[in-house]
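Visitor: Sequence and predicted structure, then a few things I'm wondering about:
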Amino acid sequence: MLDEPVTIPDDPEELRSFTARLLDEVKAQAVLIEKLRHQLAGHRAHRFGASSETVEQLQLALETSEIAAAAMTARMKLPDIEEKGKPKRKPIPDHIPRMEVELTPGSDACADCGGHLRRIGEDVTEELEYVPGRFIVNRIVRPRFACACCEGFTQSPLPSRPIERGRPGPGLLAHVLVSKYADHLPLYRQSQIFDRDGIDLDRSTLADWVGKTTALLEPLADAIGRHVLAGDAIFADDTPVRMLAPGTGKTRAARIWTYVRDERPWGSDTPPAAWYRFSGDRNGQHPKDHLARYRG
């Protein structure tokens, strides 16, 4: 679209269509710029950084860029962009146990005319799930029924899933996020661990899952923040964490800011909660921004 001659249409409908296309183009370019910026920093670090910057650090830099791009795509509700060279989805190995769940309409009578429904086929969706210690596959079978009288068609809808048209189940996504953020296990290492079970999950695939899941969890994090800031008193502290500094061959001190609401010592039955915020340094402006709306 950016290569087309720039002419603003006069017709209101054409103008609305032109504006929508332009917004989609801007959003797509923003995602691409964010991803390329992170990748460029990683490549520079790998090429010009000190000898201590290994291939593993380059993997972490690429991982960060892919997560950021996936999160932005999910926030902007953009369609997934097909990239050249991106690993194609491979079938789930047959040796992984299948757990079949069949969803039926609940009645053998046609909702339109009351006629008898006869089974004419089915759709099968395979969702890769993780039960602690082992993988399983949920086979979601949705039989299709046609009415013998009016030739009406009915089928149960596919249940809501964390990533639409994606293959991971909620347990697997939780396992990947906990392993990365709580156990500090990078995605490329998780990919190697999964490979020992015969599951081929590329690092870029896992990064896409993490980015979309973090975007999905943002409303929950915001709700926890509102709950904490609604308390009469909160406890605050900061914890230093080491963060890669691409291009320098070193790490730098970042901060995890923690705000806790716990009124149980005063006999309150209000649920306690902890709200975490991240910053790349210990600048005092960060807690000022975090607590700008707090009164207590």
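Guide: On my side now, so go ahead. Numbers count the residues shown, from 1 in each chain.
Visitor: Now do the same for residue 275: helix, strand or coil?
Guide: Three states are possible here, and by DSSP: H, G, I helix; E, B strand; the rest coil the one that applies to residue 275 is strand.
Visitor: Sketch out the low-pLDDT regions of the chain for me.
Guide: Residue ranges of the chain with pLDDT under 70: 1-6, 41-58, 78-87.
Visitor: So if we follow the domain assignment, how does it break up?
Guide: Dividing the chain into domains by automatic domain parsing, as the record does, gives the ranges 12-75, 98-166, 172-215, 225-290.
Visitor: what about the second one, how long is it end to end?
Guide: Same thing as domain 98-166. In domain 98-166, first residue to last residue: 17 Å (CA to CA, to the nearest Å).
Visitor: how far is it from where the chain is centred?
Guide: In terms of CA atoms, centre = their mean, to the nearest Å, the centre of domain 98-166 is set 25 Å apart from its chain centre.
Visitor: Please enumerate the strands of the stretch 101-250 of the chain.
Guide: Using DSSP state E, counting those that start in this stretch, the strands of the stretch 101-250 of the chain run over 117-131, 134-147, 153-154, 235-245, 250-261.
Visitor: In a markdown table: the ones you listed, plus distance to residue 8 and mean neighbour count.
Guide: Where C-beta positions appear, they are placed from N, C-alpha and C, glycine not excepted. Rendered in a markdown table, the data for the strands of the stretch 101-250 of the chain read as follows (distance: least, CB to CB, whole Å; neighbours: other CB atoms under 10 Å):
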| stretch | distance to residue 8 | mean neighbour count |
| --- | --- | --- |
| strand 117-131 | 45 | 15 |
| strand 134-147 | 47 | 17 |
| strand 153-154 | 45 | 15 |
| strand 235-245 | 45 | 13 |
| strand 250-261 | 45 | 16 |
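Visitor: Would you mind measuring from residue 206 to residue 140?
Guide: Taken as CB to CB, to the nearest Å, the spacing of residue 206 relative to residue 140 amounts to 22 Å.
Visitor: Likewise for residue 247?
Guide: Residue 247 sits at a distance of 46 Å from residue 140 (criterion: CB to CB).
Visitor: cool, residue 177 as well?
Guide: With distances defined as CB to CB, the gap from residue 177 to residue 140 amounts to 23 Å.
Visitor: do the same with residue 185
Guide: With distances taken as CB to CB, residue 185 is found 29 Å from residue 140.
Visitor: Residue 219 now?
Guide: When CB to CB is the yardstick, residue 219 and residue 140 sit 26 Å from each other.
Visitor: quick revisit: wait, which of the strands of the stretch 101-250 of the chain is closest to residue 268?
Guide: Closest to residue 268 of the strands of the stretch 101-250 of the chain, according to CB to CB: strand 250-261, at 9.8 Å.
Visitor: Now do the contacts for residue 177.
Guide: Residues near residue 177 by CB atoms under 8 Å, 6 or more residues apart in numbering: 210, 213-214.
Visitor: Which members of these are positioned in helices?
Guide: Among these, DSSP state H puts 210, 213-214 in helices.
Visitor: Between those, which sits nearest residue 26?
Guide: Distance from residue 26 was checked for each of the ones in helices among the contacts of residue 177 by CB to CB. The minimum falls on residue 214, at 22.5 Å.
Visitor: export stretch 31-39 as PDB, just CAs?
Guide: As requested, C-alpha coordinates have been extracted for stretch 31-39 and formatted as PDB (Å, rounded to 0.1, in the frame of the first residue of the first chain):
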ATOM      1  CA  VAL A  31       5.500  -4.800  14.700                       C
ATOM      2  CA  LEU A  32       8.200  -5.300  12.000                       C
ATOM      3  CA  ILE A  33      10.200  -2.300  13.300                       C
ATOM      4  CA  GLU A  34      10.100  -3.600  16.900                       C
ATOM      5  CA  LYS A  35      11.200  -7.000  15.900                       C
ATOM      6  CA  LEU A  36      14.000  -5.800  13.600                       C
ATOM      7  CA  ARG A  37      15.300  -3.400  16.300                       C
ATOM      8  CA  HIS A  38      15.700  -6.200  18.800                       C
ATOM      9  CA  GLN A  39      17.300  -8.500  16.200                       C
END
